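A.B. asks: Turn this into a structure:
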Amino acid sequence: MTRSSEAPASAAARRGRVPDFFIVGHPKSGTTALYEMLRSHPQIHMPVKEPWFFTRELISGAVPRSPERPQTLEAYLALFEAAGSEQLIGEATPSYLRSHLAATSIAELCPDARIVAILREPAEFLRSFHLQSVQSGIENERDLRTALDLEPARREGRELPPGSARPEALQYSSHVRYVEQLRRYHEAFGAERVLVMIYEDFRAENVASVRRVLRFLGVDDEQELAPSEANPSVRVRNARLERLLRSLSLGAGPGARALRAT
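C.D. replies: Below is the predicted model of the structure:
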């Protein structure tokens, strides 16, 4: 991130408003549906989705830049200039959850921000994300178990798809280290400023889930909302593979219970 010699928060206060809340999560986990529903609320201003400003370590130099992915603080704050004085400003970049640096970087600039994290059942998320990666050309290994086995080699720059621009995205197990990911936000903001949503609950009770978010943000939760279809679930049919996927993250042990209690 491009930084000035000034403290980030004080510099931002002079340059423009900063976000009041952030949506973090993972691809294929309902972040777009939540973003669309929240940005329709008159008390909320949300500009373009996924500016990726706080995840520089996850962006390869081969990924093209655009005005929607600002590289300076001034350009980032300019995204929110159209916000009304009485509106909350929101920002949605799912990769902020996986990033090791985003939580502390966000807290430096926006110490009073609230965080909405959407988590998906790990096995279904990895199956869905792998399928999306194959379809988009990021991944050339069509078998998920084999792709998981390739992670060590790929960390060393081997066995990557030709012309791979996002090798870090192919470290599938890193996407579902939910306890570790949430801990970074709890430490940066305090657990009371972090709301965890479960994707499956969001799909089942779309509007009710969003009203819970609105109450967390402190805006009118009686505002009429149009339901937004979240991504359909993709079932894992191979029992052995499903056990492997579950073992990568929370499983059914204490970690899973702690997540549900968050």
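A.B. asks: drop to CA atoms for contacts and neighbour counts, all remaining ones
C.D. replies: OK.
A.B. asks: Walking through the stretch 151-262 of the chain, point out its helices one by one.
C.D. replies: 151-155, 172-175, 178-189, 199-204, 206-217, 239-247, 254-261 (DSSP state H, counting those that start in this stretch).
A.B. asks: which stretch in the ones you listed is the model least sure about?
C.D. replies: Mean pLDDT is lowest for helix 254-261 out of the helices of the stretch 151-262 of the chain, coming in at a mean of 45.
A.B. asks: Verify the stated contact: Leu58 with Arg98.
C.D. replies: No: here Leu58 does not reach Arg98: they are 9.0 Å apart, not a contact under C-alpha atoms under 8 Å.
A.B. asks: who's more crowded, the two?
C.D. replies: Legend: neighbour count by other C-alpha atoms under 10 Å for Leu58 and Arg98, higher for Arg98 (23 against 18).
A.B. asks: Return, as residue ranges, the portions of the chain with sub-threshold pLDDT.
C.D. replies: Within the chain, the ranges that satisfy pLDDT under 70 run 1-15, 59-67, 229-262.
A.B. asks: elements contacting the longest helix anywhere in it?
C.D. replies: In terms of residue count, the longest helix belonging to the chain (DSSP state H) is helix 122-136. If contacts are counted by 3 or more C-alpha pairs under 8 Å, 6 or more residues apart in numbering; DSSP states H and E, helix 122-136 sits against helix 239-247.
A.B. asks: give me that answer again for 10 Å
C.D. replies: helix 144-149, helix 172-175, helix 239-247 (3 or more C-alpha pairs under 10 Å, 6 or more residues apart in numbering; DSSP states H and E).
A.B. asks: Now that helix - C-alpha only, PDB.
C.D. replies: This file holds the C-alpha atoms of helix 122-136, laid out as PDB (Å, rounded to 0.1, in the frame of the first residue of the first chain):
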ATOM      1  CA  PRO A 122     -15.600 -25.900   3.700                       C
ATOM      2  CA  ALA A 123     -16.100 -29.000   1.500                       C
ATOM      3  CA  GLU A 124     -18.800 -27.300  -0.600                       C
ATOM      4  CA  PHE A 125     -16.800 -24.100  -0.900                       C
ATOM      5  CA  LEU A 126     -13.700 -25.900  -2.200                       C
ATOM      6  CA  ARG A 127     -15.600 -28.000  -4.600                       C
ATOM      7  CA  SER A 128     -17.400 -24.900  -6.000                       C
ATOM      8  CA  PHE A 129     -14.300 -22.700  -6.100                       C
ATOM      9  CA  HIS A 130     -12.200 -25.400  -7.800                       C
ATOM     10  CA  LEU A 131     -15.000 -25.800 -10.500                       C
ATOM     11  CA  GLN A 132     -15.000 -22.000 -11.000                       C
ATOM     12  CA  SER A 133     -11.200 -21.900 -11.300                       C
ATOM     13  CA  VAL A 134     -11.300 -24.600 -13.900                       C
ATOM     14  CA  GLN A 135     -14.000 -22.900 -15.900                       C
ATOM     15  CA  SER A 136     -12.200 -19.500 -15.800                       C
END
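A.B. asks: what's the spacing between the most centrally placed residue in the chain and Ala102?
C.D. replies: Among the residues of the chain, the one closest to the centroid is Pro94, at 1.8 Å (C-alpha atoms, centre = their mean). In this view, Pro94 and Ala102 are 11 Å apart by C-alpha to C-alpha, to the nearest Å.
A.B. asks: what does Ser40 give?
C.D. replies: Applying C-alpha to C-alpha to Ser40 and Ala102 gives a distance of 26 Å.
A.B. asks: what about these two, which has more around it?
C.D. replies: Ala102 (22 against 15).
A.B. asks: is it true that that one touches Leu182?
C.D. replies: No: Ala102 is beyond contact range of Leu182, at 11.7 Å (criterion: C-alpha atoms under 10 Å).
A.B. asks: what do those two both touch?
C.D. replies: Residues touching both Ala102 and Leu182 (C-alpha atoms under 10 Å, 6 or more residues apart in numbering) are Ala188.
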